[in-house]
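J.: quick one, structure for this:
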Amino acid sequence: MVGHDLVHAGRRVPLATGRTLFDAADELAMVVPASCRRSGRCRECVVEVVEGAEALNDPVPSETFLRPGFRLACQARIERAPEGDLEFAVLRRRLRIFPPPPGPPLDIDPVVELVDGRIRRGGEDVGPARGRLLGVAVDLGTTTVVVEIVDLTDGSSLAAGAFENPQRFGGGDVMSRIAYDAVQPGELRRALRRALNGELRRLYAIAGIDRHEVVEVVAVGNATMRDMFFGLDVASIGRTPYRSGTEVAWRAGVASTTAVARLAHELGFLVHPRARIWGAPLIACHVGADAAADLVATGAADTGPTGLGVDQSPGAVDAGGGGMRSPRRISMLIDIGTNTEVIASDGDRILAASCPAGPAFEGGLVRYGMPGADGAIEAVRYGEGTWNARTIGDVEPEGLCGSGLVDLLAELRRLGWMTPSGVFTDGSREIVIDAARGISISRADVSHLAQAKAANAAGFQIVLRRLGAGSDDLAVLHLAGGFASSLDIRNAQAIGFLPPIPLDRVVTHGNASVRGAKALLLSGRARTRLEALVGRIEHVELETESAFFDLFVEGCRFVPLQDGA
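T.: Numbers count the residues shown, from 1 in each chain. Just a heads-up that it's a prediction; the model follows:
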């Protein structure tokens, strides 16, 4: 025995030499994925060692694909006493899904159909029907992966799930994963495929589904996540001009689209072997298929004052007939995440940009940051001498997710405990939020959050400027993504995270990308319309804009953005 504890999510068991982290996970009643009887072959039981790694054995050959700080739970054995406790976290946690608000019925004209008991896709015979005609919509986020199983005949949802992207061992952002993939080709794709198939098995069991009933799949994600899933080379996305090989081919006239299609058996995806997996088209560079799906899901692609399409309504120009647009005609969509996408239109032009926010608000870089899983503090306020927190699942807190971090920063500014530049006014290096569980926020954490916030703010400010507009011209701001759904908009505006506009102009849409993927799964016409729309969108390269650096520096301050900035 050794004299410290093994810790996960605030739960403790005594450390014992000779045991693996997987053995400890059993005692803590944790679910660690594995399918190789703990031999190290399946590479599914990746955990992050947060503290006390010196107590473990050296990595074994089967762990050479992992970056420092990550281990296979079945191979990480406790050999000696650490300086303190040994703490680790499972990578693949199940996350909360924010369903989009009710909208108009989706078009149902699937690209597959039943003809005389056989499945047909266009002129192709897929095989005999095995029951229902089902499809799967997948949103491949850098941090969160969402899956929904859909009946293709009526559009009903049969099962849905969300989990943490297990590729985090390759880095928290897409550029890190591109670099990792160059050194360990295929490892990230295989990790995601194993996790997706595991989630499908779980959902099939819950809903009583035979995998052979699933005959069509639509996958969306940023350019890196989408292309990596399809086994495409992602190296070109990591270097200027940051384009997928599919975008390069499309721009050169070699290909008619940036969309991708493969058969399921080619990717090892657990559906009908001859099901087609269709990767939705990209917009440009890092503005990927997930942003394109957002346009479909939110209605932002529609015409009129609340959409991003061409507005032909009489109020679109001023009464004087001079062709000048009246105020408050700009529509904007922001999908907040590790890679934030911004798309805006004045009714004529549609502009898009990608903001390299990084993972700080998604559970990375911040010591007690975590995704939106059970135990994450999603709202926090200080009162009567203590911090009052609300956690997802109403369980004991483990850390802070994005909305909780925004609340915390806003509270620190409201209380006068943090300066606009992110310095704690009492001179301390950290502020404790939950002493019993050791949850705190440090100056280093605040610095990472400031940079993530600044990247987002600079992105939407530059897009507005390119349209000759300011935030006071925004008629509607569409917010997509699970993070945005739990966000306190006033707090986000108070620290300069979102534009300073009236709350009645802000519309949140939950996990819009997966709803967009579902719409594309159900309708061939929706795919055709999206292909036409993305070809019209102008890409804004933020790093080439002369104002980017100044806006980024100003955006690092925790103050409201200047209206019209």
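
J.: what is the burial count for the closest residue to M370 other than its chain neighbours?
T.: Of all residues not flanking M370 in the chain, G399 sits nearest, at 3.9 Å (CB to CB, 6 or more residues apart in numbering). Just so you know, the C-beta spots here come from the backbone N, C-alpha and C atoms, and that holds for glycine as well. Neighbour count for G399, taken as other CB atoms under 10 Å: 25.

J.: contacting residues for G399?
T.: Shown in contact with G399 (CB atoms under 8 Å, 6 or more residues apart in numbering): 363, 368-370, 375-377, 439.

J.: shouldn't R527 be within a helix?
T.: Yes: with DSSP: H, G, I helix; E, B strand; the rest coil as the criterion, R527 is part of a helix.

J.: pretty sure it is touching L520, no?
T.: Yes: judged on CB atoms under 8 Å, R527 makes contact with L520 at a distance of 5.4 Å.

J.: okay, and the common contacts of those two?
T.: Overlap of the contact sets of R527 and L520 (by CB under 8 Å, 6+ apart) consists of 278, 280.

J.: more neighbours, these two?
T.: Taking neighbours as other CB under 10 Å, R527 and L520 compare with L520 leading, 29 against 21.

J.: sec struct for the more buried one, please.
T.: Applying three-state DSSP: L520 is helix.

J.: list the contacts of it.
T.: Neighbouring residues of L520 by CB under 8 Å, 6+ apart: 137, 218, 220, 278, 280, 293, 296, 526-527, 530.

J.: excluding sequence neighbours, find me the nearest residue to it.
T.: Take L520 and drop its neighbours on the chain: the residue closest to it by CB to CB, 6+ apart is V218, 4.9 Å away.

J.: packing partners of the helix or strand where that neighbour lies?
T.: Remark: V218 resides in strand 214-221, with elements defined by DSSP states H and E. If you count contacts as 3 or more CB pairs under 8 Å, 6 or more residues apart in numbering; DSSP states H and E, strand 214-221 packs onto strand 118-121, strand 134-140, helix 223-229, strand 276-279, helix 289-298, helix 512-522.

J.: strand partners of that strand, parallel vs antiparallel please.
T.: Sheet partners assigned to strand 214-221 using DSSP bridges are listed as strand 134-140 (parallel), strand 276-279 (parallel).

J.: let me see the domain layout of the chain.
T.: Per automatic domain parsing, the structural domains of the chain span 5-90, 112-289, 362-447.

J.: measure the residue nearest the centre of the chain to A517 for me?
T.: Centroid-nearest residue in the chain: G141, 3.7 Å away (criterion: CA atoms, centre = their mean). Computed with CB to CB, to the nearest Å, the distance linking G141 and A517 is 12 Å.

J.: tilt between the helix or strand in which A179 is found and strand 214-221?
T.: Assigned by DSSP H and E, A179 falls within helix 174-183. With axes from the mean of the first three to the mean of the last three CA atoms, to 10 degrees applied, the angle from helix 174-183 to strand 214-221 works out at 110 degrees.

J.: show me what the longest helix seen in the chain is packed up against.
T.: In the chain, with assignment by DSSP state H, the single longest helix is helix 443-466. Here helix 443-466 touches strand 330-335, strand 340-345, strand 350-355, helix 402-414, helix 548-555, going by 3+ CB pairs under 8 Å, 6+ apart.

J.: how about a cut-off of 6 Å?
T.: With contacts defined as 3 or more CB pairs under 6 Å, 6 or more residues apart in numbering; DSSP states H and E, helix 443-466 has these neighbours: strand 340-345, strand 350-355, helix 548-555.

J.: which neighbours in the sheet does whatever helix or strand comes next after that helix have, and how are they oriented?
T.: The helix or strand immediately downstream of helix 443-466 is strand 474-480, counting by DSSP H and E. Its sheet considered, strand 474-480 pairs with strand 330-335 (parallel), strand 506-508 (parallel) by DSSP bridges.
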